[in-house]
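S.K.: how would this look folded up:
(chains A and B, ligands or ions: 1)
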Amino acid sequence: MTTATAHALSEHEQKVDRAKLGMWMFLGSEVMFFTGFLAAYIALRMSDPAWPSGHGRLNWPLAAANTVVLIVSSFTMALGVNAAQRNLTQRLRLCLGATALLGLVFLVVKAIEYNDKFHHGHYPSTDLFYGTYFLLTGFHGLHVLGGVIALTITAGMANRFSSKWFAPVENVGLYWHFVDIVWIFLFPTLYLL
Amino acid sequence: MSAYEHAEHIHAPPTTFFYKYVWSTDHKVIAKQYLFTAFFFLALGGLLAMVIRWQLAYPFEPLPLIGSLLKNTFVFDSAGSVRPEGFNQLVTMHGTIMIFFVIIPILVGAFGNFLIPLHVGARDVAFPILNALSYWLFLPAGVILFASFFVHEGPAAAGWTAYPPLSDLGPAATPGSGTGQVLWLVAIFLLGFSSILGGLNFLTTIIKMRAPGLTWSRLPLVTWAQFVTAIFQTLATPVLASATVMLLSDKLLGTSLFLPAGIHLTGDEPVAATGGGHPLLWQHIFWFYSHPAVYILILPGMGIASDLIATFARKPIFGYTAMVTSLVGIMGLGFIVWGHHMFMSGMSPAVGMAFMTSTMLIALPSGVKVFNWLGTLWNSSIRFTVPMLHALSFVALFIIGGLSGIYMAATPVDIFIHDTYYIVAHFHYVVFGGTLFAVFGGLTFWFPKMFGREMNRKWGFVHWLLTFVGFNAAFFPMHFLGEAGHMRRISTPTEYDFLGHLQPMNEWISWSAFLLGAAQLIFLVNFFGSMGKGRKSEANPWKSNTLEWSTASPVPFHNFDRIPTVYRGPYEYSSSAADGRGDWAPQDAPPDGRGHPAAH
Ligand SMILES: [Cu+2]
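M.R.: A predicted model of the protein is given here:
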């Protein structure tokens, strides 16, 4: 059945089809990667009755602002995909650029937050609270950085995309929404609870 | 043909050395890159095993022949014999190399890459560049692991499972727990990344690129097995990646995720770690990946055995649907059994019972496979070719390894035999007796398709015979050692009074292992000799049905002159099944056609 439909698609459409499936699987493995971290975090936290709560030790208003930044960036990303579908190259470039910029803002805020922690002598080795905090936010940050690079490259290629072919835009979009969702989980878990 | 070329965009084959052999995106070249890299590590891991066996038979005697050359190098002391701490490094590196850098790259990297596009009737995998990238992540991983032999304190020493706190504490705990362990972790992380990219590539290829007419129920079982394996790789390997990252963070950033407070090594000073972590956490996360990983190590072997047995029994595989269902069943159960590695960790008996039950349930799908192989062989006229001998050995040895697996899955039994040579015997019966025999079967079977030449059959037979005899002579007695309480991973069995009477058996095992090791030289000489000098092979020397045999040997750059159309399942052997065409019917032979389609 699938072979029949696959045959009806053009070679080009098949490639788009494959790229999207590949991206979904990559995100599936990314979910498992963060699941490993989160499972460790939950196990360590549950086994320690004296685990401090996040909002006393971490700068949650700053992180809340950063959450808003990421949510807005997901919105500009969605606008970008929409622009690609409608052949609006100029708008596509603008949207991708804006998304990358918001990602950069997120990273700068993160850097300020880290710097403040270091300033007060809080390092990954301080205790398990800071260890897991730096590990989880650090790996999320690396994913944001990867996304910013991918977005910048895609923005640079904007004039190559059209309503007929914009698979890279869609895939970068999928990835960016994933990074966003991970943060939606991390923010309350680390900063509020 | 020309009309077809217009419809399909085909790349020209690369012409420069760099694009042909180094940064190649051709799945067949990448398969060979994996294969030859894995051969190097097979030789290295095999040599480590020989040194291990020398030490166990003749503790602390200088290595014969080469001992004088190795004085004060690697794991050896000034007399050219193994240092006690060096023994742990040998065992660790032997396991790591064989599992991560031999079996997985051969089964998945070499066989998966070579066969999947051919079996689905495609010109290449779904993402050829990603495929090349997978290999070029794997190779640095191998180089890094190899380099760890040359760092100051030597390679990792905490076993292939890298249990903390030993792996976590640094060189103060054991040499090799410093730089060596860090390099080990980096290598495994890179390898995992490569595995994930490979897995999603294969999944996409099988889901999206099957030739017209190639329904899921017409897929060869080799490719079905690769499909299930790729799911494991994509979903379980990232968990290993996060585990290695966390252990690296302990070692490099000073966190103590896996270190409890107040560990003392020597003297009164506790280790400077903030503590609060749990060594058992590592075991859970590690085995959540590594139990599925042992299915990555065996499922492709089961697939290879299925194809070989059907081909040389000249009969359709017995119970195709049951074979596929049992593969999927093994995968599903494989994700919920990891706790059977931790019965001794003080887990609650209720949890232990659950893990024991789920583990024993795996015997059901495994048993289905065994009976279906036997059903295929039943009443057939078997052709005892070299690949078939290996496939039959696979079945026989897998039965032994499988049965001992059920036996030790019972928690009361495991309490008695855990961490003994019984475990070593079981594991080697599955991974050497099972998988490596399937690998030899597969290599001798597909060699003509890979290189366009035939391997020497006489030397192939000699290699099989010596390997089969050597393997059983070496590993079967280990069951008895284990029952007698002989611990694994000890460098000096002679130090324990209660093991004294077992020393002759240890010597016997070692000499059998040396025979087994020497027999592999025959294979290597035959393999590389036949690559250059073997008789030229026809397109379909084994009269086999699957699509790769419908194209030339060696396979041309574009795999198929035109994408084949599939009319039938992969196992239509025997005269009744093949509507008068002889005793086989290629998958792309039209139902009404007479004779076989010309092989190009
Ligand atoms: Cu297991």
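
S.K.: only C-alpha atoms from now on, for both contacts and neighbour counts.
M.R.: OK.

S.K.: check whether the one helix or strand residue A:143 maps to comes near chain B.
M.R.: Following DSSP states H and E, one finds residue A:143 within helix A:128-156. Yes: Helix A:128-156 is in contact with chain B by CA under 8 Å from any CA of the partner chain, via A:128, A:131, A:135.

S.K.: low-confidence ranges, the stretch 251-400 of chain B, go.
M.R.: Applying pLDDT under 70 to the stretch 251-400 of chain B flags residues B:267-268, B:272.

S.K.: show me where it has helices.
M.R.: Using DSSP state H, counting those that start in this stretch, the helices of the stretch 251-400 of chain B run over B:279-313, B:320-334, B:349-361, B:363-377, B:386-409.

S.K.: who touches the second one?
M.R.: Helix B:320-334 is touched from outside by B:217, B:221, B:224-225, B:228, B:232, B:291-292, B:295, B:299, B:358-359, B:361-362, B:365-366, B:368-369, B:372, with contacts defined as CA atoms under 8 Å, 6 or more residues apart in numbering or on different chains.

S.K.: again, 6 Å this time
M.R.: By CA atoms under 6 Å, 6 or more residues apart in numbering or on different chains, the list of residues contacting helix B:320-334 from outside reads B:292, B:365, B:369.

S.K.: from residue B:353, how far out is the second one?
M.R.: When CA to CA, to the nearest Å is applied, the distance between residue B:365 and residue B:353 equals 20 Å.

S.K.: compare those two and say which is more crowded by neighbours.
M.R.: residue B:365 (21 against 18; other CA atoms under 10 Å in any protein chain shown).

S.K.: so who does the residue in the stretch 401-550 of chain B positioned nearest to chain A touch?
M.R.: Using CA to the nearest CA, the single residue of the stretch 401-550 of chain B nearest to chain A is residue B:547, 16.3 Å away. By CA under 6 Å, 6+ apart, residue B:547 lies in contact with residue B:119.

S.K.: return the backbone torsion pair for it.
M.R.: When quoted as degrees, to the nearest 10, the phi and psi of residue B:547 stand at phi -60, psi -30.

S.K.: now do stretch B:375-391: distance from first to last residue.
M.R.: End-to-end distance of stretch B:375-391 (CA to CA): 15 Å.

S.K.: next to chain B, which bits of chain A? Give me the list.
M.R.: Counting by CA under 6 Å from any CA of the partner chain, chain A comes close to chain B at A:3, A:29, A:32, A:33, A:36, A:124, A:125, A:127, A:131.

S.K.: with chain A as the reference, measure out to residue B:195.
M.R.: According to CA to the nearest CA, to the nearest Å, residue B:195 and chain A sit 11 Å apart.

S.K.: could you do residue B:346 as well?
M.R.: 16 Å.

S.K.: so which of the residues of chain A next to chain B sit within helices?
M.R.: A:3, A:29, A:32, A:33, A:36, A:131 (DSSP state H).

S.K.: next up, the contacts around the second one.
M.R.: Think residue A:29. B:234, B:235, B:238.

S.K.: ok so the second one is a strand residue?
M.R.: No: according to DSSP: H, G, I helix; E, B strand; the rest coil, residue B:235 belongs to no strand; its state is helix.

S.K.: if we can go back for a sec, and among the helices of the stretch 251-400 of chain B, the most buried is which?
M.R.: helix B:279-313 (a mean of 24; mean count of other CA atoms under 10 Å in any protein chain shown).

S.K.: returning to what we had before: Throw the contacts of helix B:320-334 into a markdown table and include distance to chain A, thanks.
M.R.: Putting these into a markdown table (distance: CA to the nearest CA, whole Å) gives the following:
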| residue | distance to chain A |
| --- | --- |
| B:292 | 14 |
| B:365 | 26 |
| B:369 | 28 |
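
S.K.: near chain A too, which of the contacts of residue A:29?
M.R.: Among those, the ones lying near chain A by CA under 6 Å from any CA are B:234, B:235, B:238.

S.K.: what's the PyMOL line that selects buried ones from those residues?
M.R.: Of the ones next to chain A among the contacts of residue A:29, the buried ones go into a single PyMOL selection, burial set by 16 or more other CA atoms under 10 Å in any protein chain shown:
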select buried, chain B and resi 234+235+238
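
S.K.: export the ones next to chain A among the contacts of residue A:29 to JSON lines and tack on pLDDT?
M.R.: JSON lines is the format used below for the ones next to chain A among the contacts of residue A:29 (pLDDT from 0 to 100):
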{"residue": "B:234", "pLDDT": "94"}
{"residue": "B:235", "pLDDT": "92"}
{"residue": "B:238", "pLDDT": "95"}
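
S.K.: just give me the closest of the ones next to chain A among the contacts of residue A:29 to residue A:108.
M.R.: Checking the ones next to chain A among the contacts of residue A:29 against residue A:108 with CA to CA, the nearest one is residue B:238 at 27.9 Å.

S.K.: right, and the closest one touches residue A:33 too?
M.R.: Yes: with contact defined as CA atoms under 6 Å, residue B:238 counts as touching residue A:33 (4.5 Å).

S.K.: dump the contacts of residue A:29 to JSON lines, plus distance to residue B:131.
M.R.: As requested, those are arranged in JSON lines below (distance: CA to CA, whole Å):
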{"residue": "B:234", "distance to residue B:131": "14"}
{"residue": "B:235", "distance to residue B:131": "18"}
{"residue": "B:238", "distance to residue B:131": "18"}
